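J.: My questions concern the predicted model and sequence given below.
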Amino acid sequence: MSPTSDLPALQEPLISLRFNRKRWRLMLATLGPGIITASADNDAGGIATYATAGATYGYDLLWALLVITVVLAVVQEMVARMGAVTGRGLSALIRERFGVRWTTFAMGVLLLANVATCIAEFAGVAAAGEVFGIPRWLSVPLAAVGVWLLVVKGNYRVVEKVFLGLALVLFTYVVSGILVHPPWGQVLRAAVTPTIHWDHDFLLVLVAYIGTTITPWMQFFLQSSVVDKGITVKSYGYAKLDVFVGAFLTDFVAFFIVVATAATLHARHIHIDSAADAALALAPIAGPYAQSLFAVGLLGASLLAASVLPLSTTYAICEAFGWETGVNKGFDEAPAFLGIYTAMIVLGASVVLIPGLPLFAVLLASQDINGVLLPVILVFMLLLVNDRRIMGVHVNGRGFNLVAWGTTIVLSVLSVLLLVGSIWELLAP
């Protein structure tokens, strides 16, 4: 037997090993946009909405969160697939497919929803500052100026990691939700048994619940991230995994925010009106430091979103109309880009400085606006992702269309009911 007769047998595992290493490198290079986008959704508005749901209705809305997780995964997968197949951002596709008029309408909806969310982020800054005794007239302008300088003049990528680290403090809700020993049988039953209260306040929370989990800005941000990362159809399988993992992680944290606040606040009939109230749910893990811990996490989440949200909004709008972009450019080179970005920050901070403005009510209302406007963006997305001229063989399947169109219709109906309920309350004697 020659010395080389066993060479193919020896080479096969080596080739397999190299192939596996290549696949692992490809997977690690692809992961990121879905997880980051979904995790960033647990911002000030999201925290306030989930905490309010748990404190007000106990475990009754857990079933909706599980449904929303599936919907989030489907919606996020659609935009990630569009990015991988077309190599274009969502706003660019809307312009190419529907023309300038419809693009202007879509960008107006996006801007309105995102301004409301930007206001919520600065409301989160104000709420966190008040826990430490810092008045909003000081904390909010400082945050606004700091965020603007950081993104336009500084090295945002470095400080972003600090903000993200602060925001991760809110994972302590998971630990707190376990330590309070909730009635797990009741929790699991509530998670699979739909419970609906036919009143105006419940509809407000339910629409906000959806609007804070599946936001319009996420779709534009995720598709642009997929394109910027150079993800193509060949590597899309890993991007799909990334999207699904991200959807699970964001609502995993949300699940425990609801559980922790339901077990601690709802059980003691404590209604959330401030950040200090929401912080009480962390008392089982942080004790007397619960308020400080919550405030640090809320501040990190708010600053991170207050930096990313206006920036991603500005990129989407400028991409839609072909305007010059770039944080490193001056106002003379990119006037629309820097003008829109600056205006969003100034407007968001200014609204929060209105004397007597109830911060937690603002946080919840901003998510309602997201929920009401979301169906408009979903319709554009569904028309695009089902267009074979754009997507070829990668159009939606029946299951995805059923979930996405069903969500659009249900959310539209809820929005109409919410509007009718609001008018009824105004006209009632």
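T.: Alright, I've got the coordinates.
J.: which regions of this structure lie under the pLDDT threshold?
T.: 1-41, 154-168, 170, 421-429 (pLDDT under 70).
J.: Give me the neighbour count for T314.
T.: Residues within reach of T314, counting by other C-beta atoms under 10 Å, total 26. The way it works is simple: take the backbone N, C-alpha and C, and place the C-beta from them, glycine included.
J.: Where does it fall, secondary structure wise?
T.: helix 290-321 (DSSP states H and E).
J.: Helix or strand next in line after that helix, which one?
T.: helix 335-352.
J.: Kindly calculate the angle that that following helix makes with helix 290-321.
T.: Helix 335-352 runs at 150 degrees relative to helix 290-321, counting by axes from the mean of the first three to the mean of the last three C-alpha atoms, to 10 degrees.
J.: re earlier: buried stuff in the helix holding T314?
T.: 290-291, 293-320 (16 or more other C-beta atoms under 10 Å).
J.: Likewise for stretch 330-350?
T.: Under 16+ other C-beta under 10 Å, the buried positions of stretch 330-350 are 334, 337-338, 340-342, 344-345, 348-349.
J.: Compile the residues you listed into JSON lines and extend it with columns for distance to G89.
T.: Below are the buried residues of stretch 330-350 laid out as JSON lines (distance: C-beta to C-beta, whole Å):
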{"residue": "A334", "distance to G89": "17"}
{"residue": "F337", "distance to G89": "15"}
{"residue": "L338", "distance to G89": "19"}
{"residue": "I340", "distance to G89": "16"}
{"residue": "Y341", "distance to G89": "17"}
{"residue": "T342", "distance to G89": "22"}
{"residue": "M344", "distance to G89": "19"}
{"residue": "I345", "distance to G89": "22"}
{"residue": "G348", "distance to G89": "23"}
{"residue": "A349", "distance to G89": "27"}
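J.: so which of these comes closest to L414?
T.: G348 (26.0 Å; C-beta to C-beta).
J.: Name the nearest of the buried residues of stretch 330-350 relative to E96.
T.: Using C-beta to C-beta, the buried residues of stretch 330-350 come closest to E96 at F337, 20.4 Å.
J.: Now stretch 410-421 - C-alpha only, CSV.
T.: The C-alpha trace of stretch 410-421 is given here as CSV (Å, rounded to 0.1, in the frame of the first residue of the first chain):
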residue,chain,number,x,y,z
VAL,A,410,-56.5,44.0,12.7
LEU,A,411,-54.4,47.0,13.6
SER,A,412,-56.4,49.2,11.3
VAL,A,413,-59.6,48.1,12.9
LEU,A,414,-58.2,48.7,16.4
SER,A,415,-57.1,52.2,15.3
VAL,A,416,-60.6,52.9,14.1
LEU,A,417,-62.1,51.6,17.4
LEU,A,418,-59.6,53.7,19.3
LEU,A,419,-60.5,56.8,17.3
VAL,A,420,-64.3,56.2,17.8
GLY,A,421,-63.7,55.6,21.5
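J.: Identify each buried residue in it, please.
T.: Here stretch 410-421 shows 411-412, 414-415, 418, 421 as buried, counting by 16+ other C-beta under 10 Å.
J.: ok, now stretch 66-73?
T.: For stretch 66-73, by 16+ other C-beta under 10 Å, it's 68-69, 71-73.
J.: How much space separates V376 from A113?
T.: To A113, V376 is 9 Å away according to C-beta to C-beta, to the nearest Å.
J.: Next: L138.
T.: Counting by C-beta to C-beta, the gap from L138 to A113 is 28 Å.
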